[in-house]
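[1] Need the 3D shape of this:
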Amino acid sequence: MKTLLSLFCLVTYLTCALSANGWPVSLDMACNKALSAVACSFEFTNNGNEDLHLLKRNTPLEGLNSLFVSVSLDGRPLEYEGIYIYRLPPTKDEFVLLKAGESISTTVQITDAFSIDTDGLYTVQYSRPLQYLSVNEMSAMSIDQLRESIVHESVHIHLERTHLLSRPKEQKVEIDYTVYIESCTTASFLNGDRNNSATLDAHKRLCAGLDKVIGEVRDDEHFRKWFGAWTQSRGAAVKNTYILTRNGIAGKSLTYYNNGPLCQPNWIAYTYKSYSQTVVYLCDLFYGYPTACRGTANTKEITLVHEWVHALAARDDIVYGAENCRNLAKTKPDDAIRNAANYEYYYCTGQ
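    Next comes the predicted model:
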């Protein structure tokens, strides 16, 4: 009987009665195994008396485009292998109207972003707050007034025969042509010419720019602004991140994929978190930006720093925007050390 249950996956639902805690939006989730995938369903419910607009970004309502769940095996976390998106603040089309008392649901395959290849007891934990606006706030598009509902939903699922499950996959890359740059790096391009010369100009600036910031990491106001109070370990972590990025750019053949297949209207670029990822996917907004750093403004150079810090130094996305990054440095400096956006701002404000 135990074996039979395992074959069909023993699923335990741990449902949080969030409305009892005063949160207007609650979440129910469940996970089960199909033939070659583990699929999780998510139901979001408006428990309040007023309509609201729920932000789809960083939730399964936009697909598996971000790290909104953690997955662990017997308490050991699995690495998220999905994309990391660099994008502008939310627009109206990223919200869904959720009327009072109504629910909306969706399903994603977590095996698209997590390698589940060992039999055992897995825990899938929802890991992000739900963000929303009231109807009036939505009319004014008051993004800076985003409210949050905290969720603590999790599911336990026992999985066997995991060797049959599918694995996360990246887009296949077939290079159009490669440019060899004297004394530093190479850059290849894929999917046509979207003013590749401008992208190349930004790329050429990276080695010298990274050398400059590597030499300037020290206990000063510039460091404290973007990474918080100085300690030797934080300073070493920041310097090592830039060194890993610089060495990766100099030592690997890197590729820019124009008009990445997953791009959406307000995306700038995306890639994967790694120490050896060699492809950055560029989206439409990227091509309209100036080439070189302009403080904290959006440019091609600042975008490439952000992306290669993900791809070659395995940095995370915790917050975006200069103000949010400065606040993160003040309040949670160890998180600032992990956050890709803090590295782009330190780099570009130091050029």
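[2] From now on I want contacts and neighbour counts done on CA atoms only, so please keep to that.
    OK.
[3] wouldn't L35 be in contact with L165 here?
    Yes: taking C-alpha atoms under 8 Å as the definition, L35 is a contact partner of L165 at 7.3 Å.
[4] Compare these two (neighbour count), which wins?
    Neighbours were counted for L35 and for L165 using other C-alpha atoms under 10 Å; L165 has more, 17 against 10.
[5] That one contacts S36, correct?
    Yes: with contact defined as C-alpha under 8 Å, L165 reaches S36; the gap is 4.1 Å.
[6] Show the model's pLDDT score for L14.
    Looking at L14, its pLDDT reads 34.
[7] likewise I157?
    At I157, pLDDT is 97.
[8] what's the answer for L190, then?
    Looking at L190, its pLDDT is 92.
[9] what about it, how many neighbours?
    21.
[10] and what of N247?
    N247 has 17 neighbours, counted by other C-alpha under 10 Å.
[11] what's the helix or strand for it?
    helix 232-251 (DSSP states H and E).
[12] where along the stretch 101-250 of the chain do the helices fall?
    135-139, 196-204, 206-216, 221-227, 232-251 (DSSP state H, counting those that start in this stretch).
[13] how about the ones you listed in CSV, adding mean pLDDT and distance to N327?
    Below are the helices of the stretch 101-250 of the chain laid out as CSV (pLDDT from 0 to 100; distance: least, C-alpha to C-alpha, whole Å):
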stretch, mean pLDDT, distance to N327
helix 135-139, 89, 24
helix 196-204, 94, 28
helix 206-216, 96, 21
helix 221-227, 98, 9
helix 232-251, 97, 17
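[14] Pick the most buried one from these.
    The highest mean neighbour count among these, using mean count of other C-alpha atoms under 10 Å, belongs to helix 221-227: a mean of 20.
[15] helices or strands next to the helix holding N247 in the packing?
    Counting contacts by 3 or more C-alpha pairs under 8 Å, 6 or more residues apart in numbering; DSSP states H and E, helix 232-251 is packed against helix 206-216, helix 300-313, helix 333-338.
[16] CA atoms of the second one as PDB?
    Spelled out, it's helix 300-313. Only the C-alpha atoms of helix 300-313 are listed here, as PDB (Å, rounded to 0.1, in the frame of the first residue of the first chain):
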ATOM      1  CA  LYS A 300      23.200  49.500 -22.400                       C
ATOM      2  CA  GLU A 301      26.400  49.300 -20.300                       C
ATOM      3  CA  ILE A 302      24.500  49.200 -16.900                       C
ATOM      4  CA  THR A 303      22.200  46.500 -18.300                       C
ATOM      5  CA  LEU A 304      25.100  44.300 -19.400                       C
ATOM      6  CA  VAL A 305      26.800  44.700 -16.000                       C
ATOM      7  CA  HIS A 306      23.500  43.500 -14.300                       C
ATOM      8  CA  GLU A 307      23.100  40.500 -16.600                       C
ATOM      9  CA  TRP A 308      26.700  39.300 -16.500                       C
ATOM     10  CA  VAL A 309      26.800  39.600 -12.700                       C
ATOM     11  CA  HIS A 310      23.900  37.100 -12.800                       C
ATOM     12  CA  ALA A 311      25.400  34.900 -15.400                       C
ATOM     13  CA  LEU A 312      29.100  34.800 -14.300                       C
ATOM     14  CA  ALA A 313      28.900  35.500 -10.600                       C
END
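[17] could I get the helices and strands packed on helix 232-251 as a markdown table with distance to E323?
    Below are the helices and strands packed on helix 232-251 laid out as a markdown table (distance: least, C-alpha to C-alpha, whole Å):
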| stretch | distance to E323 |
| --- | --- |
| helix 206-216 | 21 |
| helix 300-313 | 16 |
| helix 333-338 | 12 |
